[in-house]
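Asker: give me a model of this one.
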Amino acid sequence: MSSLKEYLEKLHSPDEAERIYAAEDIGYWNAPDGVPPLLERVGRESSRAVRDAIFQALIRIDADASIEGSIRLLESEDPQIRNQAVDVLRRKGARSVPFLTTVMRDGDKDMRKLVLDALSEVPSSAAGAIYEAALSDQEPNVVITAVENLGRTRATQFRRRIEDRSEERRVGKECRS
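Answerer: Residues are numbered from 1 along each chain as shown. Here you go, the predicted structure:
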């Protein structure tokens, strides 16, 4: 039987298939110690198949480290990495909400939008404070994404807040005319 250490070493193999199997095995091992090497590798990995295996491993690892690492990956310059990090957070569901709350509070407009992308399949009841903040955001893309998510999930508890926001925008446009 192989050890986590052996799988971690195989992540640096010149053979793509070996790196894929190593990432998969680290995920099945379900060890939080495997998260930092996976995150380090994903940023340097040129193979999309290996990246996919790394993200699947992050989904399988049942530890806060995989959520925290995925949040850090939201800042990547690579859109594929950002999108896959969003997918990891989405699949972690309500467990990711406390971490996403911090990003919503402290992140820039792009990060706040990505938080909402990650929440698109998480029940709004788990993320109520995030949606409240998003509906008050100064960045239109953040507000639009929040409204789209809430509409898709039929989150009626936010209906009045959305209507109020629409009325504020309408009145603001009339005043500028």
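
Asker: quick one, helices of this structure?
Answerer: For the chain, the helices defined by DSSP state H occupy 4-10, 16-29, 35-44, 48-60, 64-73, 79-92, 97-106, 109-118, 128-135, 140-152, 159-176.

Asker: in a markdown table: those, plus mean neighbour count and mean pLDDT.
Answerer: No exception for glycine: its C-beta is placed from N, CA and C like everyone else's. Formatted as a markdown table, the helices of the chain follow (neighbours: other C-beta atoms under 10 Å; pLDDT from 0 to 100):
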| stretch | mean neighbour count | mean pLDDT |
| --- | --- | --- |
| helix 4-10 | 15 | 94 |
| helix 16-29 | 19 | 97 |
| helix 35-44 | 17 | 96 |
| helix 48-60 | 21 | 98 |
| helix 64-73 | 20 | 97 |
| helix 79-92 | 19 | 96 |
| helix 97-106 | 17 | 96 |
| helix 109-118 | 22 | 96 |
| helix 128-135 | 18 | 93 |
| helix 140-152 | 18 | 92 |
| helix 159-176 | 11 | 69 |
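
Asker: centre-most residue in the protein?
Answerer: Val86 (2.9 Å; C-alpha atoms, centre = their mean).

Asker: tell me who's in contact with that residue.
Answerer: Taking C-beta atoms under 8 Å, 6 or more residues apart in numbering, we find Val86 in contact with Leu74, Leu114, Asp117, Ala118.
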